[in-house]
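Asker: Here is the input, now give the coordinates:
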Amino acid sequence: MRLGLTATLILVRVEYFFFLVMIKQILGRLPKKPSKSSENREFGGPAIAPSNTSSASKSTSDFQSNRLGTLNNSSPPGLDSAPHLGFSHGMKPTQVGNPKLNGSSVPPPYEALPTFRDVPNSEKQNLFIRKLNLCCVVFDFADPTKNLKEKDIKRQTLLELVDYVTSANGKFTETVMQEVIKVVSVNLFRPRTPQTRENKVLEAFDLEEEEPMMDPAWPHLQIVYEFFLRFVASPETDAKLAKRYVDHSFVLKLLDLFDSEDPREREYLKTILHRIYGKFMVHRPFIRKAINNIFFRFIFETEKHNGIAELLEVLGSIINGFALPLKEEHKLFLVRALIPLHKPKCLPMYHQQLSYCITQFVEKDCKLADTVIRGLSKYWPITNSSKEVMFLSELEEVLEATQPAEFQRCMVPLFRQIARCLSSSHFQVAERALYLWNNDHTENLIRQNSKAILPIIFPALEKNGRNHWNQVVQSLTVNVRKIFADIDPELFEECLLQFQENEAKAEEIKTKQEATWKRLEEIAATKATSSEAVLVPWAIPALASSG
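Answerer: Take a look at the predicted model:
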């Protein structure tokens, strides 16, 4: 009886278990309430972005950009909306196309367009715009084996655009200008590749030994730069119309590219910036101010920039064209930006261009010589001998353009610095300072003011002639001494007597100091075994103070 009851209970429990399993399966098939994250996916929210970007391969992304360019061409914005276009200057290559514009994720084929010879004249402008849009596709050059056919098509198209702009015989319309700036912006204003020498302030000569980093996309970039250069230089480009697109924002982005590590790119940028400065007169003050700001960041913040030499080269041409009398703005630029550029460690990378700019200012206004020479003295290097040699070379160029009145204002602090250079144990510094007397103009200035100059530098000349370790420095010193002896023999003898008197006094003081120290050592030695303090007589400090 009990066994039958137990078996019945077990059977009931098993049936109940299977019943619960069936209920659970039925409930699992019912539709669930959608969560917030799933709603975002359904309506194209942030959660879909990674899947979209990952679903399209790199090869397809290269073709996508042509689609939007074609659509923009079909309905160009009006004049009022042009300055506010999102793609006008900083359009990223990934924004040029959308893989689902036509409801399909397959990008359009990248095919060559007809040549300009194959279409009538009435269709050439439309074909020109279509070719511009075709070149808005930016290819990945990190893999040299990727998209070879498409890259060649774009290269040939860019070359055709260069020829078209060069041979144009009619004013470019606003629509054309808009498309030109778009294709230039898309191709040039790209994310900068990370630099391997980041966060390091290297000595200039270390940087010269480094191999420059060449941009792998240069086969396309070079033609884009050439195309834009010819567009800006073309007489068919109306500056009044083009300034709406070559605006302040565009100029700033162009200036940012000067930090490129590729010297070929910086060379093109230098030429293009000079052309823009010449053609767009309305932008001239802004360009000077923007360059000024780049210099400020370089001098006082980063001390890192690859394009300072090229910017200074452009400025040298600009300064050469300054009207006289110089504006106060230009003088402030000299004092606040150019002279402090002598401070950074990497001065050798751009010193030649900087020296040219400084000399141009002095030649334009000789009264600035005093300002420049005192500025050089302020930033004169103390421990960097190679920079000292550069400063002396620049100083000679400045003195070449200095008039006697300005020379007299600064000659005392100037020749105190030159005397320190003459006394340098580094033979190149002393030698370069002595070479100043080989310049006829500088020697004439020194001759006219020898009574003030000779007493300052005579001790350095005399010590060099007697004790300098380098034979060339000794020989040059003898020649300079002879020049002063011929100019004013009486003054030379006075300086020699004064030097000998000072040397005798110095020797006497040195002897007294040595005697004092010897006496102290003897007193200390006699009381070394006892704990008694060593008392120094009042006469000993007196002797020491007299030295």
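Asker: got the contact list for Trp437?
Answerer: Neighbouring residues of Trp437 by CB atoms under 8 Å, 6 or more residues apart in numbering: Glu443, Ile446, Asn479, Val480, Ile483. C-beta: built from backbone N, CA, C; applies to glycine.
Asker: Pull the most distant pair out of the residues you listed.
Answerer: Ile446 and Asn479 (13.4 Å; CB to CB).
Asker: Looking at the two, which one has more neighbours?
Answerer: Set side by side, Ile446 and Asn479 show more neighbours around Ile446, with 25 against 11, by other CB atoms under 10 Å.
Asker: Tell me which residues touch that one, please.
Answerer: Counting by CB under 8 Å, 6+ apart, Ile446 touches Trp437, Ile453.
Asker: Likewise for Lys151?
Answerer: Contacts of Lys151 by CB under 8 Å, 6+ apart are Phe139, Phe141, Pro219, His220.
Asker: will you turn those residues into JSON lines that also has pLDDT?
Answerer: Listed next are the contacts of Lys151 as JSON lines, based on pLDDT from 0 to 100:
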{"residue": "Phe139", "pLDDT": "89"}
{"residue": "Phe141", "pLDDT": "87"}
{"residue": "Pro219", "pLDDT": "91"}
{"residue": "His220", "pLDDT": "94"}
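Asker: Switch the residues you listed over to JSON lines; also include neighbour count and secondary structure.
Answerer: Compiled in JSON lines, these are given as follows (neighbours: other CB atoms under 10 Å; DSSP: H, G, I helix; E, B strand; the rest coil):
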{"residue": "Phe139", "neighbour count": "24", "secondary structure": "coil"}
{"residue": "Phe141", "neighbour count": "16", "secondary structure": "coil"}
{"residue": "Pro219", "neighbour count": "15", "secondary structure": "helix"}
{"residue": "His220", "neighbour count": "19", "secondary structure": "helix"}
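Asker: Farthest pair within the residues you listed?
Answerer: Spatial extent of those (CB to CB) is set by the pair Phe139 and Pro219 at 9.9 Å.
Asker: can you list the domains in this protein?
Answerer: The chain is divided into the following domains under automatic domain parsing: 58-191+218-223, 505-546.
Asker: Show the low-confidence segments of this protein, by residue range.
Answerer: Along the chain, segments meeting pLDDT under 70 span 1-108, 193-210, 528-547.
Asker: rerun at 50
Answerer: 33-106, 197-205, 207, 540-547 (pLDDT under 50).
Asker: Off-centre distance for the strand or helix carrying Glu508?
Answerer: Taking DSSP states H and E as the definition, one finds Glu508 inside helix 489-526. Distance, stretch centre to chain centre, for helix 489-526: 53 Å (CA atoms, centre = their mean, to the nearest Å).
Asker: which other helices and strands contact it?
Answerer: Other elements packing on helix 489-526 under the criterion 3 or more CB pairs under 8 Å, 6 or more residues apart in numbering; DSSP states H and E are helix 450-467, helix 471-487, helix 539-546.
Asker: residues of it that come out buried?
Answerer: Leu491, Phe492, Cys495, Phe499, Thr516 (16 or more other CB atoms under 10 Å).
Asker: now swap in stretch 308-322 and tell me
Answerer: Those would be Ile308, Ala309, Glu310, Leu311, Leu312, Glu313, Val314, Leu315, Gly316, Ile318, Ile319, for stretch 308-322 by 16+ other CB under 10 Å.
Asker: out of those, which are inside helices?
Answerer: Mapping the buried residues of stretch 308-322 onto helices (DSSP state H) picks out Ile308, Ala309, Glu310, Leu311, Leu312, Glu313, Val314, Leu315, Gly316, Ile318, Ile319.
Asker: for those, which one is nearest Asp215?
Answerer: Nearest to Asp215 among those, counting by CB to CB, is Glu310 at 15.7 Å.
Asker: my guess is the closest one meets Leu257, correct?
Answerer: No. Using CB atoms under 8 Å, Glu310 is not in contact with Leu257; the gap is 10.4 Å.
Asker: where do the contact lists of those two overlap?
Answerer: Looking at what touches both Glu310 and Leu257 (by CB under 8 Å, 6+ apart), the common residues are Leu269.
Asker: distance of Phe427 from Val232?
Answerer: Going from Phe427 to Val232 by CB to CB, to the nearest Å gives 50 Å.
Asker: of these two, who's got more company?
Answerer: A count of neighbours by other CB under 10 Å puts Val232 above the other of Phe427 and Val232, at 23 against 15.
Asker: if I pick that one, what's in contact with it?
Answerer: Val232 is in contact with Val246, Ile272, Arg275, Ile276, Lys279, counting by CB under 8 Å, 6+ apart.
Asker: could those be laid out in a markdown table, adding distance to Leu132?
Answerer: Below are the contacts of Val232 laid out as a markdown table (distance: CB to CB, whole Å):
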| residue | distance to Leu132 |
| --- | --- |
| Val246 | 16 |
| Ile272 | 18 |
| Arg275 | 20 |
| Ile276 | 20 |
| Lys279 | 21 |
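Asker: Now the residue nearest to the spatial centre of the chain: phi and psi?
Answerer: Centroid check for the chain by CA atoms, centre = their mean gives His305 as the closest residue, at 2.6 Å. Note on His305: its backbone torsions stand at phi -170, psi 130 [degrees, to the nearest 10].
Asker: list the contacts for it?
Answerer: Residues in contact with His305 (CB under 8 Å, 6+ apart) are Phe258, Asp259, Ile294, Arg297, Phe298.
Asker: count of residues packed around the fourth one?
Answerer: Summarising burial for Arg297: neighbours were counted as other CB under 10 Å, giving 12.
Asker: Would you mind listing the residues in contact with it?
Answerer: For Arg297, the contact set (CB under 8 Å, 6+ apart) comprises His305.
Asker: Starting from Ala337, give me the distance back to it.
Answerer: 11 Å.
Asker: what's the answer for the second one, then?
Answerer: Asp259 sits at a distance of 17 Å from Ala337 (criterion: CB to CB).
Asker: Give the residue from these two that has the larger number of neighbours.
Answerer: Comparing Asp259 with Ala337 by other CB under 10 Å, the one with more neighbours is Ala337, at 20 against 17.
Asker: hmm, who's touching the one helix or strand Leu254 maps to?
Answerer: Using DSSP H and E, Leu254 sits within helix 248-256. If you take CB under 8 Å, 6+ apart as the criterion, helix 248-256 is touched by 88-90, 181, 185, 188-189, 269, 272-273, 276, 283, 286-287, 290-291, 294.
Asker: now with 10 Å?
Answerer: By CB atoms under 10 Å, 6 or more residues apart in numbering, the residues outside helix 248-256 that reach it are 83, 88-90, 181, 184-185, 188-189, 192, 228, 243, 246, 269, 272-273, 276-277, 280, 283, 286-287, 290-291, 293-294, 307, 311.
Asker: Could I get the CA-only coordinates of the helix or strand following that helix as PDB?
Answerer: Downstream of helix 248-256, the next assigned helix or strand under DSSP H and E is helix 263-279. C-alpha atoms of helix 263-279 as PDB (Å, rounded to 0.1, in the frame of the first residue of the first chain):
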ATOM      1  CA  PRO A 263      60.000  69.400 -47.000                       C
ATOM      2  CA  ARG A 264      58.400  69.100 -50.400                       C
ATOM      3  CA  GLU A 265      55.100  70.000 -49.000                       C
ATOM      4  CA  ARG A 266      56.500  73.000 -47.100                       C
ATOM      5  CA  GLU A 267      58.200  74.200 -50.300                       C
ATOM      6  CA  TYR A 268      54.800  74.300 -52.100                       C
ATOM      7  CA  LEU A 269      53.100  75.900 -49.100                       C
ATOM      8  CA  LYS A 270      55.700  78.700 -49.100                       C
ATOM      9  CA  THR A 271      55.100  79.500 -52.700                       C
ATOM     10  CA  ILE A 272      51.300  79.400 -52.400                       C
ATOM     11  CA  LEU A 273      51.200  81.500 -49.300                       C
ATOM     12  CA  HIS A 274      53.300  84.100 -51.000                       C
ATOM     13  CA  ARG A 275      50.900  84.100 -54.000                       C
ATOM     14  CA  ILE A 276      47.900  84.500 -51.700                       C
ATOM     15  CA  TYR A 277      49.500  87.400 -49.900                       C
ATOM     16  CA  GLY A 278      50.200  89.100 -53.200                       C
ATOM     17  CA  LYS A 279      46.800  88.500 -54.700                       C
END
